[in-house]
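Asker: Just the structure for this:
(chains A and B)
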Amino acid sequence: MAHSVIITTPMPTLDEIGKELGLTRAEQDSLIRLVDERSVGRPKIHAPKSRSATSRTVQAVATKRAGPVRKTRIRASASA
Amino acid sequence: MPAQALKFSEKSVFLNIPYDDRFRRLYLAYITGLIHLGLKPRATIEIPGGRNRLDKILELIRSCRYSIHDLSRVQLDRTPPATPRFNMPFELGLVVASGKLDSNPHDWFVFEAVHRRASKSLSDLSGTDPNIHHGTVEGVMRELCNSFVRQSQNEQVSVPKMMKTYRAVSSLAVEIQRKTRARSLFEASVFQQIYFVAGRVAGIPQSR
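Answerer: Down below sits the predicted model:
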């Protein structure tokens, strides 16, 4: 079996990586933009934690109760 | 006056791999995998050609805490005259010798695509078990996770997460090559930009 080692060094930050590579602030920002533009439509990196599925469901149900048409839908799903 | 020596880094990994388009996928896999593990890939492509190249390679090796030697490229290349690639085993030799002479700690790993082939191609390595990646990106990720284990449970990484990053980095690498007008991905500036971009995709925080 091949050997393994335990890594104890702290995870670097992106700022530290950029500095070590000798990238200027502008170069770093340009590369970050490149990644983020590609990430459009996908969950954002480091975005604040989204609400839990439960809280979203509760809110959706509350909205549905606001109108008569939606009320019917709730009843229909309840009877299903 | 001699140039200032590179500072020894506990998180640097000397990446001893073939630099050609056939190895493109695994090259990106190594960079992506290492950044997930919080390690910094270093490669001879960062060293400009010219005089004293061998000295600079040795200096780079001695600045790294770890090294990975991919010995999977044992075939003859297609460009005449057909020759095998000696750089990888040669640099492995430099690392082994340097490890015996230097005071800095150094752990080295041999990666291969085929079981038992290294014991034939480089029998001096008998007693060393190579990490077999089967020539696949997923295999490289798996073997990186087997070789390097992060101490903190919170920082444990998974192969599926690495694969997700790899797929994004793979398409971004094409964009970087186009923007920098580089002839290949194996140029110093492209290598550095891919490394930085992989960090962003992997979700490494910008600052503490």
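
Asker: quick one: low-confidence ranges for chain A?
Answerer: A:1, A:40-80 (pLDDT under 70).

Asker: got the residues of chain A near chain B?
Answerer: Applying Cβ under 8 Å from any Cβ of the partner chain, one finds that chain A approaches chain B through A:1-15, A:17-18, A:20-23, A:28, A:31-32, A:34-36, A:38, A:45-46. (C-beta placed from N, C-alpha, C; glycine too.)

Asker: Tell me which of those residues fall in helices.
Answerer: Judged by DSSP state H, helices contain the following of the residues of chain A next to chain B: A:14-15, A:17-18, A:20-21, A:28, A:31-32, A:34-36, A:38.

Asker: so how far is the helix or strand containing B:L28 off the chain centroid?
Answerer: Using DSSP states H and E, B:L28 sits in helix B:24-36. The chain centroid and the centroid of helix B:24-36 are separated by 8 Å under Cα atoms, centre = their mean, to the nearest Å.

Asker: what's it packed up against?
Answerer: strand B:9-16, strand B:40-42, strand B:64-70, helix B:137-147, helix B:159-180, helix B:188-201 (3 or more Cβ pairs under 8 Å, 6 or more residues apart in numbering or on different chains; DSSP states H and E).

Asker: could you dump the ones you listed to JSON lines with mean pLDDT?
Answerer: Output for the helices and strands packed on helix B:24-36, formatted as JSON lines (pLDDT from 0 to 100):
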{"stretch": "strand B:9-16", "mean pLDDT": "96"}
{"stretch": "strand B:40-42", "mean pLDDT": "96"}
{"stretch": "strand B:64-70", "mean pLDDT": "97"}
{"stretch": "helix B:137-147", "mean pLDDT": "97"}
{"stretch": "helix B:159-180", "mean pLDDT": "95"}
{"stretch": "helix B:188-201", "mean pLDDT": "96"}
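
Asker: is it possible to export those to JSON lines including distance to chain A and mean neighbour count?
Answerer: Formatted as JSON lines, those follow (distance: least, Cβ to the nearest Cβ, whole Å; neighbours: other Cβ atoms under 10 Å in any protein chain shown):
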{"stretch": "strand B:9-16", "distance to chain A": "5", "mean neighbour count": "22"}
{"stretch": "strand B:40-42", "distance to chain A": "7", "mean neighbour count": "24"}
{"stretch": "strand B:64-70", "distance to chain A": "7", "mean neighbour count": "25"}
{"stretch": "helix B:137-147", "distance to chain A": "5", "mean neighbour count": "21"}
{"stretch": "helix B:159-180", "distance to chain A": "6", "mean neighbour count": "17"}
{"stretch": "helix B:188-201", "distance to chain A": "4", "mean neighbour count": "23"}
